[in-house]
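Chemist: I'll drop the sequence and a predicted model, then ask my questions.
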Amino acid sequence: MRARSHIIRRQCRSFASLAAVPRPTPLRTLVPRATTARKSALSPLILAPRCPTYGLRYQSSAAALLADAAQGADTITTDTILSRLEPTELSRLSHLRNIGIAAHIDSGKTTCTERVLYYTGRIHSIHEVRGKDSVGAKMDSMDLEREKGITIKSAATFCNWTKKDDQGVDQKYHINLIDTPGHIDFTVEVERALRVLDGAVMILCAVGGVQSQTITVDRQMRRYDVPRISFINKLDRMGANPFKVIEQMNQKLKIPAAAVQVPIGTEDQLRGIIDLVRMKAIYFEGPRGIIVKETDDIPEHCKELVKEKRSALIAALADVDDEIAEIWLEEQVPTNDQIQAAIRRSTLALKFTPVFMGSALADKGVQPMLDGVINYLPQPAEVKNTALDRKRKEMPVALIPHTQAPFIGLAFKLEESNFGQLTYIRVYQGTLKKGGFVFNIRTGKKVKVPRLVRMHSDEMEDVESIGAGEICAVFGVECASGDTFSDGQQSYTLQSMHVPEPVISLAIKPKSNNQTANFSKAMSRFQREDPTFRVTQDSETQETIISGMGELHIEIYVERMRREYNVDCITGQPKVAYRETVTEKVTFDHTLKKQSGGAGDFARVAGFIEPTGDLGENIFENAVFGGAIDEKFIFACEKGFKASCDKGPLLGQRVLGTKMTVNDGATHVVDSSEMAFKIATQQAMRKAFKDAKAIILEPIMRVAISAPGEFQGAIVGLMNKRNAIIEDTEIGVDDFTMYAEAGLHSMFGFSSVLRAATQGKGEFTMEFLKYSPALPQHQKELIAAFDKEMAAKEK
Ligand SMILES: Nc1nc2c(ncn2[C@@H]2O[C@H](COP(=O)(O)OP(=O)(O)OP(=O)(O)O)[C@@H](O)[C@H]2O)c(=O)[nH]1
């Protein structure tokens, strides 16, 4: 029995340990042709070379690929992975797309997704955002979303899209899709979706063009290297001009763009779309445009435009793709296939975005956009994903999207549901199985996966297993957002997403005491689900303080508390999350000495504090030589410094960009303690901080305001009053957009001021840009108010 288990253990030796053995020669050169042919006829597994150290025969290409991948992220490319995956794995992955839809507010993301679900057969009727039937779109499942007509939470779904291949054979593709919110206050939803998706559709309004949030989304897509296609929506709107939008994309976004389609008519004359690659006119007939009719007959009045825009497409491709550049230089015309291949290559290389167009509301152009998702966005194996190996000093290693590899997944989103915590997971490697066990790399805990589902907005479909490259959700797995899971063999961690810092906070409490339990429940749930929503307790006032990304963000949570938890809340005035820092280097030498009868308190700390140079993390440095302060007390000094940084001396706000170096001190054999050193450091910090010309930093917001042209003067006046710096103003046909930078405190309540000044026609967005020193007068007022508050508390 023992011998048998020994053999099993040897055979089950982890892929991680295989990774440590010398790298085997690539499969293709070693496998004898006859063997491969015979073997592949019997099974999809390829016989791999013998491992020199263990004498094991690799079971599949997964092991060989993993052995290479584990040598370091640079040893393997997506081409290597693609060339060495077995046909079954390759076919599974090449029929899979994980995409997100992201855009400026109200561009039509949800309306578009509703059409995608209808045309792919996931839903059987279309309901509009703010539609007359009051049902609302499938992906806006929360009551609040349906009432307000905005997306608050990103929602995941999946569908199948059938498309003919080059030989005219129908191929079925599985698409995992995430619809994201447009409002900047919910931007973390976009961050986490883009972190795990392989490609994205960026939607733009044919009238609004590149708007403030388009620029943010562009930045987010670049942060996670997400290839994208673009879709200019709302061609049916008056004033629609897709080519002006493309011009704006080329000027303002950091990615070249060119149309791959032109419209047949615009506004109320929109009839269809012409595909510039295949040179086909496409019409959308039948109920809700479900029948796609393609013809070679390009309407006469479109021919000139088609010629011009096809040339523009080839010229744009020649700038980013060598093959087209060569054809172009030889003054030849590329074939349709060459154009299509170049669009795919340059889109995947993040050098280009093909622009599709249509009107989701008018049911035109969505199906060709879906074909574009298949043609131009990557399958999971075409995206290189890496993790850090904790066992090998955080060495980056490539992940292999193979179902037989050891499981690695990232929990990117959490939600509470009636059945417990629902955790969204992207499976990067291996297979996640219902009833199987997974290890949380952060906590080291092993947990069972009791239920595995695919999400369809707020509905779910149970599944037995999910393979590499897919997105799913699990129940009953306790974890935090951003945790990496493995099957216990590897100690890999995946980098989590960027989480912006909250900039606004307010005090909150339930109206009546008997709602406290529900209030706490709601707070802990919201905090777990949304990393940009924070809850803290003011240690002096014992008030609960909530912080978030903006007024709307906080407002939505207060409203959800009322609706979902039956808790009415009293909220204080919103407060700005100011920060404190030092601007000069000063030395300190502070002694704490207390003698009160028995054992006293003694600690001496000396050193200096100085600015770190950036407004990032605070730093504590131990530069004590010769044991002037015992090692265990140094740790207490660091604790004291950190506590002081959590509540700065000027306003009780967090300290940024400050470094403390302790280089001397003294210890008393009897009276020194950890507490004494902690307090001494806090006292030293309080004094030295003020001496080091401490200042208050305030969040500066990037503000974009759009309104009809007649209100421009009034809005300039409003912004001047707020000491804003107006950066740029774009004048459109009827309206204008102003870009400015303003301190957050001056922007509180701006939505109602703007509404009143523009007869409700103006709109604005703002997002955190940076921390900057507050104006001297404002700093004085803030400090005076804080001191007064403190004095009142002491009385
Ligand atoms: N005219 C016109 N209106 C459209 C079109 N697509 C969407 N809309 C309208 O634009 C509004 C916003 O649409 P949504 O689909 O909610 O936009 P969204 O981008 O998902 O919005 P958020 O997620 O809240 O940012 C709704 O009133 C839609 O009916 C279109 O093609 N033409």
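Modeler: Everything's here; your move. Predicted model only: the values in this text are computed from it and were never measured.

Chemist: Near the ligand, which residues of this structure are found?
Modeler: 103, 105-111, 128-130, 149-151, 181-183, 233-234, 236-237, 359-362 (CB under 6 Å from any ligand atom). In this view, the C-beta of every residue, glycine as well, is placed from N, C-alpha and C.

Chemist: Please enumerate the strands of the stretch 1-150 of the chain.
Modeler: Under the criterion DSSP state E, counting those that start in this stretch, the stretch 1-150 of the chain carries strands at the ranges 96-103.

Chemist: And for the stretch 651-795 of the chain?
Modeler: Going by DSSP E, counting those that start in this stretch, the stretch 651-795 of the chain shows strands at 658-666, 695-708, 725-731, 735-743, 763-773.

Chemist: can you pull the contacts of the closest residue to Gly239 other than its chain neighbours?
Modeler: In this structure, Gly239 finds its nearest non-sequential neighbour in Val207, 4.9 Å apart by CB to CB, 6 or more residues apart in numbering. Each residue near Val207 by CB atoms under 8 Å, 6 or more residues apart in numbering is listed here: 234, 237-241.

Chemist: Equivalent analysis for Gln527, please.
Modeler: Neighbouring residues of Gln527 by CB under 8 Å, 6+ apart: 533-535.

Chemist: quick one: which of those residues has the most company?
Modeler: Neighbour counts for the contacts of Gln527 (other CB atoms under 10 Å) peak at Phe533, which has 20 neighbours.

Chemist: which strands and helices sit next to the helix or strand that contains Ala387?
Modeler: Element membership for Ala387, per DSSP states H and E: strand 386-389. In this structure, strand 386-389 makes packing contacts with strand 395-398, strand 492-493, judged by 3 or more CB pairs under 8 Å, 6 or more residues apart in numbering; DSSP states H and E.

Chemist: ok, the closest residue to the ligand within the stretch 51-200 of the chain - how many residues close by?
Modeler: Closest to the ligand within the stretch 51-200 of the chain is Gly182: 2.3 Å, counting by CB to the nearest ligand atom. The number of residues packed near Gly182 is 27, by other CB under 10 Å.

Chemist: Out of the contacts of Gln527, flag the one nearest to Lys575.
Modeler: Of all the contacts of Gln527, Arg534 has the smallest distance to Lys575: 13.1 Å, by CB to CB.

Chemist: which residues does the closest residue to Pro334 other than its chain neighbours contact?
Modeler: Setting aside the residues directly before and after it, Pro334 is nearest to Ile327 in space (CB to CB, 6+ apart), at 4.8 Å. When contacts are counted by CB under 8 Å, 6+ apart, Ile327 touches 318, 333-334, 338.

Chemist: With pLDDT as new columns, can those be given to me in JSON lines?
Modeler: Shown next, in JSON lines, are those (pLDDT from 0 to 100):
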{"residue": "Ala318", "pLDDT": "94"}
{"residue": "Val333", "pLDDT": "90"}
{"residue": "Pro334", "pLDDT": "93"}
{"residue": "Gln338", "pLDDT": "95"}
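
Chemist: Now the buried members of those.
Modeler: Among the contacts of Ile327, those scoring as buried are 318, 334, 338 (criterion: 16 or more other CB atoms under 10 Å).

Chemist: hang on, the last one in a strand?
Modeler: The reference is to Gln338. No - applying DSSP: H, G, I helix; E, B strand; the rest coil, one finds Gln338 to be helix, outside a strand.

Chemist: wait, isn't it in contact with Glu323?
Modeler: Yes - between Gln338 and Glu323 there is a contact under CB atoms under 8 Å: 6.9 Å.

Chemist: Looking at the residues of the chain next to the ligand, which are in helices?
Modeler: Members of the residues of the chain next to the ligand lying in helices (criterion: DSSP state H): 109-111.

Chemist: neighbours of Asp601, just the number please.
Modeler: By other CB under 10 Å, 18 other residues sit near Asp601.

Chemist: shaky segments in the protein?
Modeler: Counting by pLDDT under 70, the chain has low-confidence residues at 1-60, 128-141, 539-541, 596-598, 795.

Chemist: Quick test: name the residue nearest the centre of it.
Modeler: For the chain, Glu191 is the residue whose C-alpha lies nearest the centre (CA atoms, centre = their mean; 1.3 Å).

Chemist: Please, which helix or strand holds that one?
Modeler: Going by DSSP H and E, Glu191 is part of helix 187-196.

Chemist: Who are the packing partners of that helix?
Modeler: Packed against helix 187-196 by the contact rule (3+ CB pairs under 8 Å, 6+ apart) you find strand 96-103, helix 212-223, strand 408-417.

Chemist: Highest mean neighbour count out of the ones you listed?
Modeler: Greatest average neighbour count among the helices and strands packed on helix 187-196 goes to strand 96-103 (a mean of 26), per mean count of other CB atoms under 10 Å.

Chemist: relative orientation of that strand and helix 187-196 in degrees?
Modeler: Comparing the axes of strand 96-103 and helix 187-196 via axes from the mean of the first three to the mean of the last three CA atoms, to 10 degrees yields an angle of 150 degrees.

Chemist: what angle sits between strand 96-103 and helix 212-223?
Modeler: Between strand 96-103 and helix 212-223, the angle comes out at 150 degrees (the same axes, to 10 degrees).

Chemist: still on that earlier bit, save the helices and strands packed on strand 386-389 as TSV, and put in mean neighbour count too.
Modeler: Shown next, in TSV, are the helices and strands packed on strand 386-389 (neighbours: other CB atoms under 10 Å):
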stretch	mean neighbour count
strand 395-398	19
strand 492-493	22
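
Chemist: so how many other residues sit close to the residue of the stretch 651-795 of the chain found nearest the ligand?
Modeler: Nearest to the ligand in the stretch 651-795 of the chain, going by CB to the nearest ligand atom, is Thr765, at a distance of 10.4 Å. Applying other CB under 10 Å, we find 21 residues neighbouring Thr765.

Chemist: Next up, the contacts around Ala258.
Modeler: By CB under 8 Å, 6+ apart, the contact set of Ala258 is 246, 309, 312-313, 315-317, 352, 354-355.

Chemist: Leaving out chain neighbours, which residue sits closest to it?
Modeler: Excluding the flanking residues, the one nearest Ala258 by CB to CB, 6+ apart is Ala316, at 3.7 Å.

Chemist: Wait, a helix at that neighbour?
Modeler: Yes - under three-state DSSP, Ala316 sits within a helix.

Chemist: quick revisit: looks to me like the residue nearest to Gly239 is in a strand.
Modeler: No - Val207 is assigned coil when assessed by three-state DSSP, not a strand.

Chemist: Distance check, it against Ile150.
Modeler: Counting by CB to CB, to the nearest Å, the separation of Val207 from Ile150 is 19 Å.

Chemist: before we move on, the earlier item: so the residue nearest to the centre of the chain sits against Gly482, correct?
Modeler: No - if you go by CB under 8 Å, Glu191 and Gly482 don't touch, sitting 10.7 Å apart.

Chemist: hey, what's in contact with both of the two?
Modeler: Shared contacts of Glu191 and Gly482, defined by CB under 8 Å, 6+ apart, comprise Met497.

Chemist: What degree of burial does Glu459 show, as a neighbour count?
Modeler: By other CB under 10 Å, 11 other residues sit near Glu459.

Chemist: again with Met497
Modeler: Counted with other CB under 10 Å, Met497 comes out at 22.

Chemist: SS state for it?
Modeler: Following three-state DSSP, Met497 is assigned to coil.
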